[in-house]
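1. using only what follows, build the 3D model:
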Amino acid sequence: MAKIKIKQIGSPIRRPANQEKILIGLGLGKMNKVVEIEDTPEVRGAIRKLPHMVAVVD
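-> Numbers count the residues shown, from 1 in each chain. Coordinates of the predicted model:
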């Protein structure tokens, strides 16, 4: 399966707890951290919920 790189561009400070949990579930937690994970519909859905906090990196 294909991999996707995502980068955290927003801080979870003063955000709802569920948004912080989504970040942790994606393997993020610190600013500018980049992770490479499997490209699944679940991951795409998590990215769609946090467009202000994560970005897809080429």
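2. now do Val54, the pLDDT please.
-> Model confidence at Val54, expressed as pLDDT, equals 97.
3. ok, which stretches of the protein are helices?
-> Taking DSSP state H as the test, the helices found in the chain are 17-25, 41-49.
4. contacts for the first one?
-> Contacts made with helix 17-25 from outside it, assessed by Cβ atoms under 8 Å, 6 or more residues apart in numbering, are listed as Gln8, Pro12, Gly29, Ala46, Lys49, Leu50, Met53, Val54. C-beta: built from backbone N, CA, C; applies to glycine.
5. between those, which is nearest Val35?
-> Closest approach to Val35 among those (Cβ to Cβ): Gln8, at 8.5 Å.
6. ok, now which ones touch that closest one?
-> Contact partners of Gln8, counting by Cβ under 8 Å, 6+ apart, are Leu23, Leu28, Gly29, Lys30, Met31, Asn32, Lys33, Met53, Val54.
7. one more time with 10 Å, if that's ok
-> Counting by Cβ atoms under 10 Å, 6 or more residues apart in numbering, Gln8 touches 23, 26-35, 50, 53-55.
8. check Pro51 too.
-> Residues counted as contacts of Pro51 (Cβ under 10 Å, 6+ apart) are Ile9, Gly10.
9. with Ile13 instead?
-> Contacts of Ile13 by Cβ under 10 Å, 6+ apart are Glu20.
10. can you start the count at 33 instead of 1 from here on
-> Renumbered: residue one is now 33, and that last one reads Ile45.
11. phi and psi next, for it.
-> Main-chain torsions, Ile45, degrees, to the nearest 10: phi -70, psi 130.
12. sorry, back to before: give me the buried entries from the contacts of Gln40.
-> Leu55, Leu58, Leu60, Val67, Leu82, Met85, Val86 (16 or more other Cβ atoms under 10 Å).
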